[in-house]
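Novice: Predicted coordinates and the sequence they were generated for:
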Amino acid sequence: MAKEILKKKDLSLVIVKEDELLFESSSSGIKGLLQAIDKFEEGLDGSSVADRVVGRAAALLLAYSRVKEVYAATLSYEGLGVLKENSVPVEHDNLVPKILDREGENVCPFEKFSMTITSVEEAYHQLKAFTENLQRKP
């Protein structure tokens with residue numbers, strides 16, 4: 001259901017739980033996922049998530065949220081590794097070596113930053129702080 005809604009509405013993130021649409025977003029990056037975690041906290045446990053792009057940072061947040069399953073239109077090798085390590089079933093359309101920034105020239109800043117994060121418990125707090133710091137920059 002989440003995958004269907006993601007594609008039909010051309011969104012970046014859809015979260016469904018028990019056949020009910022919990023959250024949808026068209027925000028780029030991990031912003032939508034952070035907003036969903038802030039809004040629902042443990043309520044994401046057991047949900048199904050469809051995300052346009054899942055790199056290591058998003059995968060860490062999804063594992064932190066204890067989601068039941070993930071669909072990613074594009075998934076990085078690192079993201080796949082994190083989901084597998086945390087026993088989160090994942091389906092994807094495109095598997096890529098790494099997630100690139102919006103210009104497509106460098107590794108995505110979230111993908112790069114998340115390489116230093118080893119604990120899913122720390123991922124949310126570290127990625128949220130990193131996002132807030134990026135938003136403060138002119």
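Specialist: That came through, no problem. Numbers count the residues shown, from 1 in each chain.

Novice: got a pLDDT number for R136?
Specialist: pLDDT for R136: 80.

Novice: Low-confidence bits of the chain, can you list those?
Specialist: Scanning the chain for pLDDT under 70 picks out the ranges 138.

Novice: Show me the strands in it, by range?
Specialist: Taking DSSP state E to define them, one finds strands in the chain at 13-17, 20-25, 48-54, 69-76, 90-96.

Novice: Now mean neighbour count and distance to K39 too, for those strands, in JSON lines please.
Specialist: C-beta here means a position set from N, CA and C on the backbone, and glycine is covered the same way. Below are the strands of the chain laid out as JSON lines (neighbours: other CB atoms under 10 Å; distance: least, CB to CB, whole Å):
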{"stretch": "strand 13-17", "mean neighbour count": "24", "distance to K39": "10"}
{"stretch": "strand 20-25", "mean neighbour count": "16", "distance to K39": "7"}
{"stretch": "strand 48-54", "mean neighbour count": "26", "distance to K39": "14"}
{"stretch": "strand 69-76", "mean neighbour count": "22", "distance to K39": "19"}
{"stretch": "strand 90-96", "mean neighbour count": "14", "distance to K39": "23"}
